[in-house]
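Undergrad: Here's my sequence, what's the structure:
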Amino acid sequence: MALGASGVLGIEVGSDQLRVMHGAISGNVLSVYDFAAEEILISNPENVPQQLESLVGRKRLDSHPVGLTLSGPGVVHRLLEFPSMPASELAVVVEREMRLVGGGAGEDVVFDWEVIEEKDAANLKEVRVLVAIAPKSQVGRAQELLARCRLKPALFTTPPIALLRSLGFVQGEGKGLHAVVHMVGQQGCLLGVKDGVWSFYREFSSRAAERGVDALLEEAVREANRALLYHRQRYREGGEAGFLLSGEKGLEELQIRLQRETGAHGEIVRPGPGVDLSPLRERENIFRDLFPAFLIPLGLVAGAYLPAGINLVPKAVRKTVRKRPSIDLSFIRRPGLGVALVLVFLSIQLVLVFTERYYRGLLAQRTALYGQWVPAIQASEESRVLRENERLLKQAIDPNRGGGKSWMVLLKAVSRLAPPELLLSSMSVRRDKDKGVWLVTLKGQVVSADSYAAQAAFNRFYQGLKGSPHFEGIELLPLEISTLAEGVERQVSKEAAGGPGDGAVQSRQEAPEIRKTKVQFELRAQSRGI
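TA: This is a model prediction of the structure:
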């Protein structure tokens, strides 16, 4: 395995053999880092997780996400055709169709789909959708298998879909109709692909009374004949179909039988240009011989990198897989090009070294020159600070600084304009250097027993500010008018109950409430003479 290599594990659990392949996609190339195939020692299902865990642990591959296939009588595929529509609407329609197909047992299955083809039919655009359906219990068993092996699932798909994903990386894949025949153990499948798109699918197995390779070959030949008849009936002008053969054994004999009995050419799959086996080093030739048996793990690795495709793993437990950046290092194998690159790198290094030395010398010269001017710079800075302090002191002492207007003049102007009822609570001044003015903010309130009198008093103050030569650009913020109550003490005298002759007088303090109006204001203005 390459040092620090990431990637995906494609795991195929057959009836009698366990296959594991570790690979990753970089650009358009699928690199194979490691592979392993072991016979299942004991047919007990409880033994499979232990053997898989042991195999992955020995290979040190337990940190990678896993792609796994689901197969069996409960796993089915459906081809649906719909008018062209947005993906969100198509998802709702497909889900409705699957519920109708499932009937009452629809809650016990999981499904996923993908658009495999868009075509025009009678001025109407149509889309073909491939749907894979599997029982929830089977998906749960697959999750449990990986959980017992401490592996994270990235892809659950079906064997024919894995075969479809692998076609882009094998020799012989191209335009036209191809029927992929895959045989493993006592089971086999035939996948029809037209121009890279799913066309039809068939499963077959050896008969129960005729266990063996010969029986499986007989079934494979029968299915190949049916595929040819289907192709000639549906694609009358599409040319002759070709067969791609993959699986464990018996491929050469199947190739001969197809040529003899059907006249069709069968080609055993081999790694294409898109498969990089160089990371395997001395095991590369071994994998080339075993490549037909690892076609499904190869398709699992390729399918895990697809951003959209059929994946039956629940989204909550999926481990995302991303493509690695493509880096072409083939030039390392060319000595002449390697020497040229080394010379280029040395030249760049020398240029950088001499450039650094030049700028270091230039920096030393500038530093020495700056050292000569340091005393003059310090004297100039001290003189500037002294002049600034003198200016500030003059402004603090001179009563007529800034064109004859002073703080005292400004405060007196405000105090002359303020009526007796007005209370000034705050006054702030800020210098705006961009405009060259002082920004003045006045806050206060007017309290009067009469609402009209309070507003009239504030209006006199406001009009006085507008007419004052000290202020300009006066801005009045919204007034806040409120009512408050004050208590006023009053003495009341009463005679005693015995009559006026008794001369006894009683007094009592009363505090009636008087309502007053309070007008709170905030003014903003500009002044150029402070």
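Undergrad: For the stretch 401-530 of the chain, which segments count as strands?
TA: Ranges of strands in the stretch 401-530 of the chain, per DSSP state E, counting those that start in this stretch, are 422-432, 437-448, 472-476, 480-487, 490-495, 505-510, 513-527.
Undergrad: ok, and which of those has the densest surroundings?
TA: Of all those, strand 437-448 has the most neighbours on average by mean count of other CB atoms under 10 Å, namely a mean of 18. For every residue, glycine as well, the C-beta is placed using N, CA and C.
Undergrad: how far out from the middle of the chain is that one?
TA: 54 Å (CA atoms, centre = their mean, to the nearest Å).
Undergrad: Show me what it is packed up against.
TA: In terms of contacts (3 or more CB pairs under 8 Å, 6 or more residues apart in numbering; DSSP states H and E), strand 437-448 is packed against strand 422-432, helix 451-467, strand 513-527.
Undergrad: can I have the first one written out in CSV, keeping just the CAs?
TA: Pointing back at strand 422-432 there. Taking only C-alpha atoms (Å, rounded to 0.1, in the frame of the first residue of the first chain), the coordinates of strand 422-432 have been written out as CSV:
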residue,chain,number,x,y,z
LEU,A,422,-34.8,75.3,30.5
LEU,A,423,-32.3,73.0,32.1
LEU,A,424,-29.2,72.0,30.1
SER,A,425,-28.2,68.5,31.2
SER,A,426,-25.2,67.9,28.9
MET,A,427,-23.0,69.6,26.3
SER,A,428,-20.4,67.7,24.2
VAL,A,429,-18.0,69.1,21.6
ARG,A,430,-16.0,67.0,19.0
ARG,A,431,-13.6,68.1,16.3
ASP,A,432,-14.3,67.0,12.7
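Undergrad: Quickly run through the sheet partners of it, with directions.
TA: The strands beside strand 422-432 in its sheet (DSSP bridges) come out as strand 437-448 (antiparallel).
Undergrad: contact partners of the strand it pairs with?
TA: When contacts are defined by CB atoms under 8 Å, 6 or more residues apart in numbering, strand 437-448 is touched by residues 414, 419, 421-432, 454-455, 457-458, 461, 471, 484, 516-528, 530.
Undergrad: got CSV for the strands of the stretch 401-530 of the chain, with distance to Thr367 too?
TA: Listed next are the strands of the stretch 401-530 of the chain as CSV, based on distance: least, CB to CB, whole Å:
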stretch, distance to Thr367
strand 422-432, 39
strand 437-448, 44
strand 472-476, 51
strand 480-487, 63
strand 490-495, 88
strand 505-510, 87
strand 513-527, 48
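Undergrad: could those strands go into CSV alongside distance to Leu277 and mean pLDDT?
TA: CSV is the format used below for those (distance: least, CB to CB, whole Å; pLDDT from 0 to 100):
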stretch, distance to Leu277, mean pLDDT
strand 422-432, 75, 81
strand 437-448, 77, 85
strand 472-476, 80, 85
strand 480-487, 83, 78
strand 490-495, 110, 53
strand 505-510, 109, 53
strand 513-527, 79, 83
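Undergrad: Return stretch 377-391 as CSV; C-alpha atoms alone will do.
TA: Written as CSV, here are the backbone C-alpha positions of stretch 377-391 (Å, rounded to 0.1, in the frame of the first residue of the first chain):
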residue,chain,number,x,y,z
ILE,A,377,15.4,62.9,12.7
GLN,A,378,15.3,62.9,16.5
ALA,A,379,16.0,66.7,16.6
SER,A,380,13.2,67.3,14.1
GLU,A,381,10.8,65.2,16.0
GLU,A,382,11.7,67.0,19.3
SER,A,383,11.2,70.4,17.6
ARG,A,384,7.8,69.3,16.2
VAL,A,385,6.7,68.1,19.6
LEU,A,386,7.8,71.4,21.2
ARG,A,387,6.0,73.5,18.6
GLU,A,388,2.8,71.4,19.1
ASN,A,389,3.0,71.9,22.9
GLU,A,390,3.5,75.6,22.4
ARG,A,391,0.5,75.8,20.2
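Undergrad: How far away from the center of its chain is that stretch?
TA: 58 Å.
Undergrad: One more: stretch 371-382?
TA: Worked out by CA atoms, centre = their mean, stretch 371-382 lies 57 Å from the chain centre.
Undergrad: That stretch - what's its average pLDDT?
TA: Averaging pLDDT along stretch 371-382 gives 86.
Undergrad: In that stretch, which residues are buried?
TA: The neighbour-count check on stretch 371-382 (16 or more other CB atoms under 10 Å) flags nothing as buried.
Undergrad: likewise stretch 13-32?
TA: Going by neighbour count (16+ other CB under 10 Å), the buried part of stretch 13-32 is 13-14, 18-26, 30-32.
Undergrad: Return the member of the residues you listed nearest to Glu144.
TA: Distance to Glu144, by CB to CB, is smallest for Val13 among the buried residues of stretch 13-32, at 12.9 Å.
Undergrad: what is the closest one paired to in the beta sheet?
TA: Assigned bridge partners for Val13, using DSSP bridges, are Leu18.
Undergrad: contacting residues around it?
TA: Contacts for Val13 (CB under 8 Å, 6+ apart) come out as Val48, Leu52, Leu68, Thr69, Leu145.
Undergrad: Which one of those residues is nearest to Glu267?
TA: Thr69 (23.3 Å).
Undergrad: What pLDDT does the model give that closest one?
TA: At Thr69, pLDDT is 90.
Undergrad: Please report how far it lies from Ile348.
TA: 51 Å (CB to CB, to the nearest Å).
Undergrad: the more surrounded of these two?
TA: Looking at Thr69 and Ile348 with other CB atoms under 10 Å, you find the greater number of neighbours at Thr69, namely 25 against 10.
Undergrad: Not counting sequence-adjacent ones, nearest residue to the more buried one?
TA: If the residues on either side of it in the chain are set aside, Thr69 comes closest to Pro159, at 5.0 Å by CB to CB, 6 or more residues apart in numbering.
Undergrad: picking that back up, filter the contacts of Val13 down to the ones in helices?
TA: The helices, defined by DSSP state H, take in Val48, Leu52, Leu145 from these.
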